[in-house]
Every structure is written in structure tokens, then in C-alpha cells.
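> here are the coordinates; sequence isn't available:
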């Protein structure tokens, strides 16, 4: 478990949801299918950025896209 946590900290940028609530999308566009709704304070890991979207991974390994304005990355 410690190795997995270390890998996340080294390769992924942790971020926190600052929007009161936001919906993760299957693709980086508003018309895409909803994946899950997150609430303020949820921790995610940023994988990549595309335009106004960031692909994130949740602790349960769910990967989806979020509006980049909804999160703030934690400085390493």
C-alpha cells in the first residue's frame, strides 16, 4: 500500500475539488456522459490537461474529466 501511495505522489499531481459540487465527465466536453458527482474537499489525482479540462483519477481508480476551474492542484 505504501508503494502505491508513493507512486501516486511521484507521478500524479494531487488536487482538491474547490467547487461546491461538480460532475466528472467520460470525455473532455460538456455534452459527454456524466460519470460521478464530486463535492468540495474531494481529493483527486491529475493525469493530464486538455484545454479547459483535466483528466483525473479517484482513489477507487475511476478516471474521468473535470473542468479545470473546479479543482486546485496541491503544490509538491
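Good, I have the coordinates. From a predicted model like this one, the values you see are computed outputs, not experimental measurements. Numbers count the residues shown, from 1 in each chain.
> going forward, measure contacts and count neighbours with C-alpha atoms only.
Noted.
> quick check: which ranges of the protein have low pLDDT?
1-11, 76 (pLDDT under 70).
> next, the buried residues of stretch 47-58.
The neighbour-count check on stretch 47-58 (16 or more other Cα atoms under 10 Å) flags 47, 53-57 as buried.
> those strands in the chain, which residues are they?
Using DSSP state E, the strands of the chain run over residues 13-17, 21-25, 34-39, 43-50, 53-57, 63-67, 71-73.
> so which of these is the most surrounded?
strand 63-67 (a mean of 23; mean count of other Cα atoms under 10 Å).
> who is the residue lying closest to residue 67 once chain neighbours are set aside paired with across the strands?
Leaving out its chain neighbours, the residue that sits closest to residue 67 by Cα to Cα, 6 or more residues apart in numbering is residue 53, at 4.7 Å. Residue 53 forms beta bridges with residue 50, residue 67, as assigned by DSSP bridges.
> contact partners for the closest residue to residue 68 other than its chain neighbours?
Among residues not flanking residue 68 along the chain, residue 53 sits closest, at 5.0 Å (Cα to Cα, 6+ apart). When contacts are counted by Cα atoms under 8 Å, 6 or more residues apart in numbering, residue 53 touches 28-29, 65-68.
> residue nearest the middle of this protein, spatially speaking?
In the chain, the centroid-proximal residue (Cα atoms, centre = their mean) is residue 56; its distance is 3.0 Å.
> hang on, that one packs against residue 70?
No: using Cα atoms under 8 Å, residue 56 is not in contact with residue 70; the gap is 11.7 Å.
> from residue 41, how far off is residue 56?
Residue 56 is 15 Å from residue 41, where distance means Cα to Cα, to the nearest Å.
> repeat for residue 57
With distances taken as Cα to Cα, residue 57 is found 15 Å from residue 41.
> again, but for residue 34
Counting by Cα to Cα, the gap from residue 34 to residue 41 is 20 Å.
> with residue 66 instead?
14 Å.
> swap in residue 50?
According to Cα to Cα, residue 50 and residue 41 sit 23 Å apart.
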